[in-house]
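Engineer: Whatever this is, show me its structure:
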Amino acid sequence: MAEKISIEQIKKLKELSGAGLTDAKQALVEAKGDFDKALEAMRKKGLTKAEKRGDRETREGLVDAYIHDGRLGAIVEVNCETSFVAKTDEFKTLAHQIAMQVASMAPLYVSEADIPADVMKAKKKELEENFKGPENMTDKILEGQVKKAFADKVLMNQPYILDDTKTVEQFIKEAIAKTGENITVRQFKRIELGVTE
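Structural biologist: Coordinates of the predicted model:
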């Protein structure tokens, strides 16, 4: 089966997955030459590794901005582990795309953990007052409704504007898998002409 696998396929898989040549070849062998199946397996493996990298400290990175028509803009701080990765074109592009996401989708929080407890509590109370459903399911249903209420306000949960089949969090995890470093969005600010918070 290995003779059916060309060096071009291996190189292409290496480039798309961010893995080494040996890993790319192994994935193609395991997928019996099916490129799409091998790529999917590599992505899953890479995302699993990305999950493990999520605890590593991010002290480097950059600040990037996106301005649309001089009327709307966003500035973001995106961090990684090393200055080497921070200086790559791929990382700069990622930071710029996150700035575009913030400008376009106007999130209020980076992650669910950033939603203030009093804001979360007030939303839950509001939903409880209007709750109509089976009492034995109240907590579970309310938890889902609260999560849904904040879904478009949390950057990591938003559909990624350049590929809405994934969330911003999934887009960043793919970048983590490719770079081999943890990547985090530390903060952002969105400004719209004539609109104050």
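
Engineer: In contact with the spatially most central residue of the chain, which residues?
Structural biologist: Nearest residue to the geometric centre of the chain (Cα atoms, centre = their mean): Glu169, 2.2 Å. Applying Cβ atoms under 8 Å, 6 or more residues apart in numbering, we find Glu169 in contact with 156-157. In this view, the C-beta of every residue, glycine as well, is placed from N, C-alpha and C.

Engineer: Tell me who's in contact with Lys147.
Structural biologist: Applying Cβ under 8 Å, 6+ apart, we find Lys147 in contact with Glu112.

Engineer: Go again with 10 Å.
Structural biologist: 112, 154, 157 (Cβ atoms under 10 Å, 6 or more residues apart in numbering).

Engineer: Need the nearest residue in space to the second one, chain neighbours excluded.
Structural biologist: Taking Cβ to Cβ, 6 or more residues apart in numbering as the measure, Val154 lies nearest to Tyr109, with 5.1 Å between them; neighbours along the chain are not counted.

Engineer: per-residue pLDDT, the one you found?
Structural biologist: You'll see Tyr109 listed with a pLDDT of 94.

Engineer: nearest to Leu127, of the contacts of Lys147?
Structural biologist: Glu112 (15.9 Å; Cβ to Cβ).

Engineer: Let me know the next secondary structure element after the helix or strand of the chain with the lowest mean pLDDT.
Structural biologist: Across the helices and strands of the chain, mean confidence by mean pLDDT, DSSP states H and E is lowest for helix 35-53: a mean of 66. Next helix or strand after helix 35-53 toward the C-terminus (DSSP states H and E): strand 60-68.

Engineer: Listing partners with orientation, what would you give for the very next helix or strand once past that next one?
Structural biologist: Next in sequence after strand 60-68, counting helices and strands by DSSP H and E, comes strand 72-80. Paired strands of strand 72-80, with direction, are strand 60-68 (antiparallel), strand 184-192 (antiparallel) (DSSP bridges).

Engineer: Pull the residues that contact the next helix or strand after strand 72-80.
Structural biologist: Using DSSP H and E, the next helix or strand after strand 72-80 towards the C-terminus is helix 83-86. The contact list for helix 83-86 (Cβ under 10 Å, 6+ apart) reads 58-62, 78-80, 91-92, 95, 175, 179-183.

Engineer: Kindly export helix 83-86 (C-alpha atoms) in CSV.
Structural biologist: Extracted in CSV, the C-alpha atoms of helix 83-86 (Å, rounded to 0.1, in the frame of the first residue of the first chain):
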residue,chain,number,x,y,z
SER,A,83,8.9,35.6,20.2
PHE,A,84,9.9,33.4,17.3
VAL,A,85,6.3,32.3,16.7
ALA,A,86,5.1,35.9,17.4
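
Engineer: Using CSV, write down the CA coordinates of the following helix or strand past that helix.
Structural biologist: Counting by DSSP H and E, the element after helix 83-86 in chain order, helix or strand, is helix 89-105. Extracted C-alpha coordinates of helix 89-105, given in CSV (Å, rounded to 0.1, in the frame of the first residue of the first chain):
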residue,chain,number,x,y,z
ASP,A,89,3.5,35.7,9.1
GLU,A,90,1.1,33.0,10.2
PHE,A,91,0.8,34.4,13.7
LYS,A,92,0.5,38.0,12.5
THR,A,93,-2.3,36.8,10.1
LEU,A,94,-4.1,35.0,12.9
ALA,A,95,-3.9,38.1,15.2
HIS,A,96,-5.3,40.3,12.3
GLN,A,97,-8.1,37.9,11.7
ILE,A,98,-9.0,37.9,15.4
ALA,A,99,-9.1,41.7,15.2
MET,A,100,-11.4,41.5,12.2
GLN,A,101,-13.6,39.1,14.1
VAL,A,102,-13.9,41.5,17.0
ALA,A,103,-14.7,44.4,14.7
SER,A,104,-17.3,42.4,12.8
MET,A,105,-19.0,40.4,15.5
